[in-house]
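Participant: Sequence first, then the predicted structure:
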Amino acid sequence: MTDLNNVDVLLVEDDPNDVELILRALGRHNLADKVFVAIDGEEALDFVFARGKYSSRSKNIMPKVIFLDIKLPKVNGLEVLKALKSDPVAKLIPVVAVSSSREENDVVRSYELGVNSYIVKPVDFKEFIDSLDEAGFYWLLLNQPPNKK
């Protein structure tokens, strides 16, 4: 991905195997061609807020959806979610938590911080692909986001 201003999906995931599976799932509906992968929470925030190595990116052009792992290195997913939902522009981006955590505290805290959906990573490969395929289809093709000013 060379055009950082033409990203539909920001995938924040530190496990390369899960990245590959999610990209495969999004590819089922040709939704994977405008995906940017951030491998930790710090990189995700730098990308969204056009900081550091992403400072040349426009702060006014946001992804259509963020798929966010909760258990991340550097800055965890809950802190990323808190930062996103505290910003007047970024708070409008739908965020889908995609986590292996079934801990009730993680689910509740995610919704308290403004997550739009919480998907538990199924252990079964086919279930995992199907759940991400459906989530991508919904958030990228069916969902109607607000018009940006």
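Facilitator: Thanks, I have it.
Participant: From here on, just use CA atoms for contacts and neighbour counts.
Facilitator: Fine.
Participant: Show residues contacting the helix or strand harbouring residue 84.
Facilitator: Residue 84 is part of helix 77-85, with elements assigned from DSSP states H and E. Outside of helix 77-85, the residues within contact range by Cα atoms under 8 Å, 6 or more residues apart in numbering are 41-42, 44-45, 68-71, 90-92, 95, 109-110, 113-115.
Participant: Tell me which of these fall in strands.
Facilitator: Mapping the contacts of helix 77-85 onto strands (DSSP state E) picks out 68, 95.
Participant: still on that earlier bit, how about the helix holding residue 84 as CSV, C-alpha atoms only?
Facilitator: Only the C-alpha atoms of helix 77-85 are listed here, as CSV (Å, rounded to 0.1, in the frame of the first residue of the first chain):
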residue,chain,number,x,y,z
GLY,A,77,-6.4,-1.8,22.0
LEU,A,78,-8.5,-0.3,24.7
GLU,A,79,-6.2,2.7,24.9
VAL,A,80,-6.3,3.0,21.1
LEU,A,81,-10.1,2.9,21.3
LYS,A,82,-10.1,5.6,24.0
ALA,A,83,-7.9,7.9,22.0
LEU,A,84,-10.0,7.4,18.8
LYS,A,85,-13.3,8.1,20.5
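Participant: quick one: buried residues of it?
Facilitator: Along helix 77-85, these residues count as buried under the neighbour rule (16 or more other Cα atoms under 10 Å): 77, 78, 79, 80, 81, 82, 84, 85.
Participant: Columns distance to residue 63 on top of these, output as TSV?
Facilitator: Shown next, in TSV, are these (distance: Cα to Cα, whole Å):
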residue	distance to residue 63
77	17
78	19
79	19
80	15
81	14
82	17
84	12
85	14
